[in-house]
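**Student:** Sequence and predicted model, in that order:
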Amino acid sequence: MLKTKKVRYLSAAAGMAAVIAGVAIAPLASASPSTSSDASDPRQRTEVFELVGKQTASEELDLGEEGISLGDQRVIHEDLYRDGEKVGDHSVICTYTRVSPAALQCLGTFALPEGQFAAQALLHLPAPSSVDVGITGGSGDYRNAQGFVRTVPAGETERHFTVHLKR
């Protein structure tokens with residue numbers, strides 16, 4: 001029974017982790033940006049675009065006591081698609097920071113043609129129907145990245161993302 005509960009909680013965590021992972025894989029030059037001005041910096045713009053994440057690998061790591069325990073992890077990889085074409089990929093690691101009620105710290109890193117991009121979130125389970133994940137920065141063209149990604153699960157291994165990116 002502990003294993004069943006662990007799988008259910010980690011499956012929910014995978015969905016939330018996918019949020020982080022799908023953040024900005026589509027090359028922004030090909031994104032259809034929605035531009036708005038920022039009062040503090042008129043040169044900064046917000047780009048909004050949609051992505052679909054499809055999980056290609058995941059692993060649950062039971063690192064402590066048998067069953068869900070502090071420090072257990074979920075490692076996830078997804079390919080990201082825009083308009084049916086693969087535009088990138090990402091990796092995410094979620095670690096249990098609390099067991100009851102469950103909380104996970106999830107960190108995602110993305111290798112993009114323009115540089116690297118990161119996001120993170122503290123997720124509480126059971127997860128709501130959508131989650132906003134903070135964009136924490138990056139390198140290359142994404143070195144000043146800010147914003148958030150709204151993620152909505154679309155089945156066990158697919159997620160829909162709306163990226164709100166400022167740079």
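**Tutor:** Now that the structure is in, tell me what you want to look at.

**Student:** in the chain, which spans are helices?
**Tutor:** For the chain, applying DSSP state H gives helices covering 2-21.

**Student:** low-scoring pLDDT stretches of it, where are they?
**Tutor:** For the chain, the stretches flagged by pLDDT under 70 are 1-44, 110-112.

**Student:** for it, what spans make up the strands?
**Tutor:** Along the chain, the segments classed as strands by DSSP state E run 37-38, 41-61, 73-82, 85-98, 103-112, 115-124, 131-138, 146-153, 158-166.

**Student:** could I get these as a markdown table with distance to G67 and mean neighbour count?
**Tutor:** C-beta here means a position set from N, CA and C on the backbone, and glycine is covered the same way. Listed next are the strands of the chain as a markdown table, based on distance: least, Cβ to Cβ, whole Å; neighbours: other Cβ atoms under 10 Å:
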| stretch | distance to G67 | mean neighbour count |
| --- | --- | --- |
| strand 37-38 | 46 | 12 |
| strand 41-61 | 11 | 16 |
| strand 73-82 | 14 | 21 |
| strand 85-98 | 11 | 19 |
| strand 103-112 | 15 | 20 |
| strand 115-124 | 19 | 20 |
| strand 131-138 | 25 | 20 |
| strand 146-153 | 24 | 20 |
| strand 158-166 | 26 | 20 |
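
**Student:** so T162 sits right up against V149, yeah?
**Tutor:** Yes. T162 is within contact range of V149, at 7.0 Å (criterion: Cβ atoms under 8 Å).
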